[in-house]
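*Asks:* Using only what follows, build the 3D model:
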Amino acid sequence: MLGDLNINLLFQGRQIPNGIRSYREFCAHHGLKQLINVPTRITKHSSTLLDHILTNTKEKISQSGIIDVGLSDHQMIYCTRKVLKPKSNKKTYIKIKC
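*Replies:* Sure thing, here's the model as predicted:
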């Protein structure tokens with residue numbers, strides 16, 4: 001699951017807002033791990049992590065991160081999924097008539 005969820009996962013304060021707490025509890029309950037851990041929205045006054053990529057199978061992701069494309073105050077987020085080719089023991093024979 002990914003998107004601009006507008007929940008700042010970098011929030012550091014004594015009193016965590018209920019929305020952030022509920023979101024973290026939801027993710028923990030469903031075994032979802034956040035792949036992005038750096039700010040995705042940077043302004044002159046703040047740096048926040050609002051764009052999320054969540055997965056329940058982190059081992060199937062080969063890479064993830066952000067890209068600054070300069071078109072917005074949000075960074076672009078990405079991830080690439082590992083693709084495993086199943087091994088086939090199937091042999092192919094060609095019959096040639098002479």
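*Asks:* So, low pLDDT: which residues of this protein?
*Replies:* In the prediction, the chain carries residues with pLDDT under 70 at positions 97-98.
*Asks:* how about the residue nearest to the spatial centre of the chain, what does it touch?
*Replies:* Nearest residue to the geometric centre of the chain (CA atoms, centre = their mean): residue 53, 2.5 Å. Residues near residue 53 by CB atoms under 8 Å, 6 or more residues apart in numbering: 1-2, 34-36, 64, 77, 79. Where C-beta positions appear, they are placed from N, C-alpha and C, glycine not excepted.
*Asks:* which of those residues sit farthest apart?
*Replies:* Put simply, by CB to CB the two of these set farthest apart are 1 and 64, 13.0 Å from each other.
*Asks:* Among the two, which residue is more densely surrounded?
*Replies:* For the pair residue 1 and residue 64, the greater number of neighbours falls to residue 64 (18 against 11), based on other CB atoms under 10 Å.
*Asks:* Might one say that that one is in contact with residue 79?
*Replies:* Yes: in this structure, residue 64 is within contact of residue 79 by CB atoms under 8 Å, at 3.7 Å.
*Asks:* I'd say residue 31 and residue 56 touch.
*Replies:* Yes: using CB under 8 Å, residue 31 makes contact with residue 56 at a distance of 4.6 Å.
*Asks:* How far away from the center of its chain is stretch 45-59?
*Replies:* Distance of stretch 45-59 from its chain centroid, counting by CA atoms, centre = their mean, to the nearest Å, is 6 Å.
*Asks:* so residue 82 makes contact with residue 58?
*Replies:* No: using CB under 8 Å, residue 82 is not in contact with residue 58, being 10.6 Å away.
*Asks:* which one of these two has more residues nearby?
*Replies:* residue 58 (13 against 10).
*Asks:* check contacts around the more buried one.
*Replies:* Residues in contact with residue 58 (CB under 8 Å, 6+ apart) are 33, 35.
*Asks:* Distance check, it against residue 74.
*Replies:* Going from residue 58 to residue 74 by CB to CB, to the nearest Å gives 23 Å.
*Asks:* now residue 20, what's its secondary structure?
*Replies:* Three-state call for residue 20 (DSSP: H, G, I helix; E, B strand; the rest coil): helix.
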